[in-house]
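In: quick check, what structure comes out for this input:
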Amino acid sequence: MKGPSLFKFSPFAKIHQPLPRTPRESAQLLNALTSSFRRQLDREYPSSSSSANNDENGDNPLSSVHATDKHLRTILENPLFRITPSNAAKPAHQSGLGPLQEQKLATEPMTVFDELVASGSVNKTALFNCLRAQLVLASAHTGDGVVDAMKKSKAGSKIVSWWYASDSESRKMLFTIRSSTVTLLKFMVAEGLQKTAMAWLAMLLNRDLGGADGRISEAMAQTVARNFLLDLLKAEIQYGEGLISAMRYYLEASRLPISTDYELGLVQYKKALLMPAAGFLCRAAMEDEQSQLKQMPLEMYDEYVRIIASWSLKSLLLACVPLFHPTRPDATRFVQFTERISRVRLTTWPKTKKENFVLYAITAIRILVDQQKFAEASYLARFIQENLPEKFGQESASSTFDQVSAEEENLSNLLGMA
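Out: This is a model prediction of the structure:
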């Protein structure tokens, strides 16, 4: 005798339908899911009547067909779906690479990286080794071939995709070794992924790298963000669009919101974040191998100067940046700085800072000579001769003053500096 129908009642039957048992049921379920997915895409990417024909073949970039193709392509390009991990993909020692991967690293570093992703074996050491090996391969080219090789490797985009698909711990891991992010930024810039780099900088300043547990300490955020910005600007000048573009990203970074537990220390936080990068841009402006400085928008450079002035009106950096103004180079602040600084303080500077100071002084002398301010030019030349004479050997001093123009060499001869 059959039991009462009451015991056959399932209150969740309509919520959790049983899995299909026959091929026909499977086909019906697939069609239903496909139709639902297509309707959602149609809502996100509505097709106009004029573009209906393009929708059918996916030529319209705003069509649901195009969006579907792009979405599926992104999924299928992930190493988890493309690569079948071998036993060698599992790290056997501290390097994070198996014996076969060690052999392939020198010639196919990003293939090794794909295998590590597919096996879930990416660690910070292996990541750095793959990036370094790929940069070595690209550096074997000359001229524009270096950047072209970096683009073709897709090392930047591969690691960016892995990072966004990773959990919080893996995301944090990327930023624990600066040498890894230094190298990665070079590839990202070469591939035009600067917006992604800026998005990462914003996440660092917000102290949240995403994921279930992406929060980081303020100390880590300060240190990593400062280095990350500096390394991004260096990469942009070397592998990207040059000085103007680097300045643009610097100003964008200066406007990013900062998460801090101590609002009173926000000014110092911003200064610590922006000063190293500002100093690098000043040195890059002095070298300016691509002669971009004269094409830099005035409002851009003036904003850069205002940021530096907001920290201190008496700093060496603020004394130097007016020397490289695109249309109004001015040595006044630099001369005033030399009038204020004591000889005792000069002796405490490290050798690199003294060498840079001499280079900036030579630029200031050039400006003063061009403006026919010979008294100030003579004063500045004597200041260098009297305060920094024995700090460099003859070869170092000679190579430094070789950068002076013919007019300045004549002036140096008159002062007995040559």
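In: who does the helix or strand containing Met110 touch, helix- and strand-wise?
Out: Taking DSSP states H and E as the definition, Met110 sits inside helix 109-119. Helices and strands touching helix 109-119, by 3 or more C-beta pairs under 8 Å, 6 or more residues apart in numbering; DSSP states H and E, are helix 79-82, helix 99-105, helix 124-139, helix 155-164. Glycine gets a C-beta too; all of them are placed from N, C-alpha and C.
In: buried set for it?
Out: Across helix 109-119, burial judged by 16 or more other C-beta atoms under 10 Å covers 109-110, 112-119.
In: going by distance to Asn206, which of the residues you listed wins?
Out: Val117 (26.4 Å; C-beta to C-beta).
In: surely the closest one meets Trp162?
Out: Yes: if you go by C-beta atoms under 8 Å, Val117 and Trp162 touch, sitting 5.4 Å apart.
In: poorly predicted segments of this protein, please.
Out: 1-23, 25-27, 29-30, 36-38, 40-96, 390-418 (pLDDT under 70).
In: tell me how it divides into domains.
Out: Using automatic domain parsing, the domain parsing of the chain gives 62-153, 167-329, 331-418.
In: and those as a markdown table, adding distance to Arg24?
Out: As requested, these are exported to a markdown table (distance: least, C-beta to C-beta, whole Å):
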| stretch | distance to Arg24 |
| --- | --- |
| domain 62-153 | 25 |
| domain 167-329 | 40 |
| domain 331-418 | 77 |
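In: so which of those domains gets nearest Ser35?
Out: The closest of the domains of the chain to Ser35 is domain 62-153. By C-beta to C-beta, the value is 11.9 Å.
In: still on that earlier bit, mind putting the helices and strands packed on helix 109-119 into a markdown table with mean neighbour count and distance to Arg255?
Out: Converted to a markdown table, these look like this (neighbours: other C-beta atoms under 10 Å; distance: least, C-beta to C-beta, whole Å):
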| stretch | mean neighbour count | distance to Arg255 |
| --- | --- | --- |
| helix 79-82 | 15 | 36 |
| helix 99-105 | 16 | 41 |
| helix 124-139 | 20 | 30 |
| helix 155-164 | 20 | 23 |
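In: out of these, which is closest to Pro389?
Out: Nearest to Pro389 among the helices and strands packed on helix 109-119 is helix 124-139 (39.7 Å), distances taken as C-beta to C-beta.
In: show me what that closest one is packed against.
Out: Using 3+ C-beta pairs under 8 Å, 6+ apart: helix 124-139 touches helix 99-105, helix 109-119, helix 145-153, helix 155-164, helix 168-174, helix 178-190.
In: may I see those organised as TSV, with distance to Glu376 added?
Out: Converted to TSV, those look like this (distance: least, C-beta to C-beta, whole Å):
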stretch	distance to Glu376
helix 99-105	58
helix 109-119	55
helix 145-153	43
helix 155-164	48
helix 168-174	50
helix 178-190	40
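In: quickly note the distance from the closest residue to Ser245 other than its chain neighbours to Arg248.
Out: Excluding the flanking residues, the one nearest Ser245 by C-beta to C-beta, 6 or more residues apart in numbering is Glu236, at 5.5 Å. According to C-beta to C-beta, to the nearest Å, Glu236 and Arg248 sit 9 Å apart.
In: those two: who's more crowded?
Out: Glu236 (26 against 16; other C-beta atoms under 10 Å).
In: now that one: which helix or strand?
Out: Using DSSP H and E, the element containing Glu236 is helix 218-239.
In: whichever helix or strand comes after that helix: how far from the chain's middle?
Out: Using DSSP H and E, the helix or strand that follows helix 218-239 towards the C-terminus is helix 243-254. Relative to its parent chain, helix 243-254 has a centroid offset of 11 Å by C-alpha atoms, centre = their mean, to the nearest Å.
In: angle of helix 243-254 against helix 218-239?
Out: Between helix 243-254 and helix 218-239, the angle comes out at 160 degrees (axes from the mean of the first three to the mean of the last three C-alpha atoms, to 10 degrees).
In: need the CA coordinates for helix 243-254. PDB is fine.
Out: The C-alpha trace of helix 243-254 is given here as PDB (Å, rounded to 0.1, in the frame of the first residue of the first chain):
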ATOM      1  CA  LEU A 243      58.300  63.000 -19.100                       C
ATOM      2  CA  ILE A 244      55.000  64.700 -19.900                       C
ATOM      3  CA  SER A 245      53.000  61.500 -19.300                       C
ATOM      4  CA  ALA A 246      54.900  60.800 -16.100                       C
ATOM      5  CA  MET A 247      54.100  64.300 -14.800                       C
ATOM      6  CA  ARG A 248      50.400  63.700 -15.700                       C
ATOM      7  CA  TYR A 249      50.300  60.500 -13.600                       C
ATOM      8  CA  TYR A 250      52.200  62.300 -10.700                       C
ATOM      9  CA  LEU A 251      49.500  65.000 -10.600                       C
ATOM     10  CA  GLU A 252      46.800  62.400 -10.800                       C
ATOM     11  CA  ALA A 253      48.400  60.600  -7.900                       C
ATOM     12  CA  SER A 254      48.500  63.800  -5.800                       C
END
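In: packing partners of it?
Out: The contact analysis (3+ C-beta pairs under 8 Å, 6+ apart) places helix 243-254 against helix 194-205, helix 218-239, helix 266-287, helix 298-309.
In: list the buried residues of that helix.
Out: So for helix 243-254, counting by 16+ other C-beta under 10 Å, buried means 243-250, 253-254.
In: with stretch 376-394 instead?
Out: For stretch 376-394, burial by neighbour count (16+ other C-beta under 10 Å) applies to 376-378, 380-381, 383-384, 387-388, 392.
In: could you do stretch 262-282 as well?
Out: Quick answer for stretch 262-282 (16+ other C-beta under 10 Å): 269-270, 273-275, 277-282.
In: and if you look at stretch 358-377?
Out: So, applying 16+ other C-beta under 10 Å, buried residues of stretch 358-377: 358-369, 373, 376-377.
In: in the helix holding Glu236, which residues are buried?
Out: Residues of helix 218-239 classed as buried: 221-237, 239 (neighbour count, 16+ other C-beta under 10 Å).
In: packing partners for that helix?
Out: Using 3+ C-beta pairs under 8 Å, 6+ apart, helix 218-239 sits against helix 145-153, helix 178-190, helix 194-205, helix 243-254, helix 266-287.
In: next up, the contacts around the spatially most central residue of the chain.
Out: Geometric centre of the chain, nearest residue: Leu232, 3.1 Å, by C-alpha atoms, centre = their mean. By C-beta atoms under 8 Å, 6 or more residues apart in numbering, the contact set of Leu232 is 185, 189, 194, 197-198, 201, 249.
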